[in-house]
Each structure stands twice: as structure tokens, then as C-alpha cells.
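take a look and give me a structure for this.
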Amino acid sequence: MIRPLVILPDPVLRQVSEPVERVDDALRRFADDMLETMYDAPGIGLAAIQIGEPRRMLVIDLAKEDEPKAPHIFINPEIVASGDGISVYEEGCLSIPDYYAEVERPDTVTVKYLDRDGKEQVIEADGLMATCLQHEIDHLNGVLFIDHISKLKRDMVVRRFKKLARDKPLSRMAG
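Predicted coordinates for the structure are as follows:
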């Protein structure tokens, strides 16, 4: 089921998400909804908070359009190590539509998480996967990618989205 996206300036995006207590069939169905919503958007990553659920859970699929889907589900993800190098990617966000900015982040991360079966896993990620994991885990902590850019640019983006929210009926924003 495709869920409505939470869009800036909604304060929900600043909530810190709660750990997932139990991995069960209901949670797996929720993960499937998250993937369906992400694919529909379309995006490459989605945190549960972006559909209004403050749970520590995210999904990522970096497969290109002409490749088979390669979904990853991360439950209670935690960065346990970061590399010393820096990478710069132009990031965007489904909750901040049509805005992109270059963001500096560690070039590698090691993330501990539970998979869709509740088994503990560790992934050592670099490149786009490292960036995407950091971006989505930030969401779980109430942090947006615009928090990593200059205050001036961030303030301009927030003002623009506050104006859009005032000018649009809420029902149109959800779809």
C-alpha cells in the first residue's frame, strides 16, 4: 500500500524515532508498504518517519531503472564506525521535493541492523550506499540533509516550503 509522504515543514520530520521492539509479519507488511511508497515516489531510500511512523526503520534500493529491484530493509540501524575520508554527493529527499544540494559525509560507514527476519546483520558500505544509509539514519534522529548545508541556504529552503504549505491545501500535499 502506498502511503502519503510527510513533506517539509511538517514537524513530524524532526521527531526522533523509537526502536522497533518486535520483528513480525505486521512489521514486514509495513516494510513492503515502505518499499512500494519509495518506488512510487520514485526514490532510492525512505525512512519510516517520512510516512509518519516514528519507528527506527528504513528501506533502500540503489538498483538503476534497467536493473532488477534490490531492496534492503534496515530495522534499528546504527552506525558503529565511519571512515576518515569524505565524499560529496548531491542529495535530494522525498520529503523536500525538487531540492538538491551537495552534502559532505564520511565516505564509508559500518552499520549494525536487524534484517526483515529479525536477524542481526552488519554492512560495511561505501559510495552511494554509505551516503544513503547516513541520510536515512539522520531521518531517524530528526535530522534532514539540509541541516548539513549552510544556514543561509537551509533558511531559504525552509521558507520556500513553508510558503508552499500555506499556498496548497493539505490534501494535495499528501498525494
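
kindly state the pLDDT recorded for Glu65?
With respect to pLDDT, Glu65 scores 86.

measure it to Ile44 for me?
The gap separating Glu65 from Ile44 is 11 Å, by C-beta to C-beta, to the nearest Å. For glycine as for every other residue, the C-beta is placed from the backbone atoms N, C-alpha and C.

more neighbours, those two?
Shown here are Glu65 and Ile44; by other C-beta atoms under 10 Å, Ile44 has more neighbours (21 against 5).

quick one, phi/psi of the residue nearest the centre of the chain?
Nearest to the mean C-alpha position of the chain, by C-alpha atoms, centre = their mean, lies Glu136 at 3.3 Å. Main-chain torsions, Glu136, degrees, to the nearest 10: phi -70, psi -40.

OK, contacts around it?
Glu136 is in contact with Gly45, Leu46, Ala47, Leu58, Ile60, Phe74, Pro77, counting by C-beta atoms under 8 Å, 6 or more residues apart in numbering.

ok, which pair from those is furthest apart?
Farthest-apart pair in the contacts of Glu136 is Leu46 and Pro77; separation 12.9 Å (C-beta to C-beta).

which neighbours do those two share?
Here Leu46 and Pro77 share the contacting residues Leu58, Glu136, scored by C-beta under 8 Å, 6+ apart.

what about these two, which has more around it?
Using other C-beta under 10 Å as the criterion, Leu46 and Pro77 rank with Leu46 on top: 27 against 23.

relative to Asp24, how far out is the more buried one?
Separation of Leu46 from Asp24 (C-beta to C-beta): 20 Å.

all the helices of this structure, in order from the start?
With helices called from DSSP state H, the chain shows them at 25-40, 127-140, 151-167, 170-174.
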